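Q: model the following, please.
(4 chains)
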2 protein chains.
Amino acid sequence: MKKYLNDEPSCAVDYAFRRIGGKYKGRILWYLHVNTILRYGELRKKLHDITPKMLTQTLRELEDDGLVNRKVYHEVPPKVEYSLTETGKELIPFIDYLKQWGDKQIAKENSKL
Amino acid sequence: MKKYLNDEPSCAVDYAFRRIGGKYKGRILWYLHVNTILRYGELRKKLHDITPKMLTQTLRELEDDGLVNRKVYHEVPPKVEYSLTETGKELIPFIDYLKQWGDKQIAKENSKL
DNA sequence: CTGCATCCAAGTTGATACTG
DNA sequence: CAGTATCAACTTGGATGCAG
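A: Numbers count the residues shown, from 1 in each chain, chains lettered A, B, ... in the order given. The predicted structure is shown next:
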């Protein structure tokens, strides 16, 4: 994650956006909110249009940012579970709100057709 | 803006993210929330690191998405004012929340140094 | 003052094949 | 099962100059 330092009052808004602004981050956080715990393969199925590379990359970024936990089971076959951290959970109300807003906008668009 | 249609439950989250996920959109919405009305040049000063091209481009996207109003005064010199639409205002609680979260995270990071 | 046009650089995502 | 590696394509942002 890039550095970010300036004296703008909205600095924090920008900061937050960069942490959750990836193409799939919103959806991953949402799925982990709804399901609490998901394995790598389960996330892959839910995000049906994601490549393994992007999924791994995105999960690593979220992990580095302290938003998700990664729990590895050293077994055969391997098993890795992902879940929200406390910090990640703090974002849920916000994602909830965003989802409601999105639903509303989509409904509005459909009613125009 | 690209089409987006699938049957995922989190569809709306993704939809919303694409509408406010640009590099400067969060900040612009925030400034328009705090100041209510801003002229092109004022926004440019506040977003001191933005180029005119990006500012115009971003404002057009927000306008097309129905989040900001653009009011042109046909005078010399020209004058253009931007403000939030009703739909745009609905995003404010969300941006507020996000800002608080961001401030908190930044404080946390600083305390670790 | 408020932009638009052009060209280019950088960053982000995708496709495909392969591994412990 | 859960990833990595490599390369290509796409998207976004920046620099500069000009215009109504």
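
Q: only C-alpha atoms for contact and neighbour calcs from this point on.
A: OK.

Q: doesn't A:Tyr31 make contact with A:Lys89?
A: No. Here A:Lys89 lies out of contact with A:Tyr31, judged by C-alpha atoms under 8 Å, at a distance of 11.9 Å.

Q: CA atoms of stretch A:38-54 as CSV?
A: Taking Å, rounded to 0.1, in the frame of the first residue of the first chain, the C-alpha atoms of stretch A:38-54 are listed here in CSV:
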residue,chain,number,x,y,z
LEU,A,38,-15.0,-19.0,4.2
ARG,A,39,-12.3,-21.2,2.6
TYR,A,40,-10.3,-20.1,-0.4
GLY,A,41,-12.3,-22.3,-2.7
GLU,A,42,-15.6,-21.1,-1.3
LEU,A,43,-14.7,-17.5,-2.0
ARG,A,44,-13.6,-18.5,-5.4
LYS,A,45,-17.0,-20.0,-6.2
LYS,A,46,-18.9,-17.0,-4.8
LEU,A,47,-16.7,-14.5,-6.8
HIS,A,48,-17.2,-16.6,-9.9
ASP,A,49,-15.5,-14.0,-12.1
ILE,A,50,-12.3,-13.8,-10.2
THR,A,51,-9.0,-15.4,-11.2
PRO,A,52,-7.0,-17.3,-8.5
LYS,A,53,-4.3,-14.6,-8.9
MET,A,54,-6.6,-11.8,-8.1
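
Q: so what touches it?
A: Residues outside stretch A:38-54 that contact it (C-alpha atoms under 8 Å, 6 or more residues apart in numbering or on different chains) are A:Arg27, A:Ile28, A:Tyr31, A:Leu32, A:Leu55, A:Lys79, A:Val80, A:Glu81, A:Tyr82, A:Ser83, B:Glu8.

Q: so where is chain A shaky, pLDDT-wise?
A: Residue ranges of chain A with pLDDT under 70: A:1-10.

Q: so which bits of it are right by DNA strand C?
A: Residues of chain A lying near DNA strand C by C-alpha under 7 Å from any atom of the strand: A:Gly22, A:Lys23, A:Tyr24, A:Asp49, A:Ile50, A:Thr51, A:Pro52, A:Lys53, A:Met54, A:Pro77, A:Pro78.

Q: and the residues you listed, which are buried?
A: A:Gly22, A:Tyr24 (16 or more other C-alpha atoms under 10 Å in any protein chain shown).
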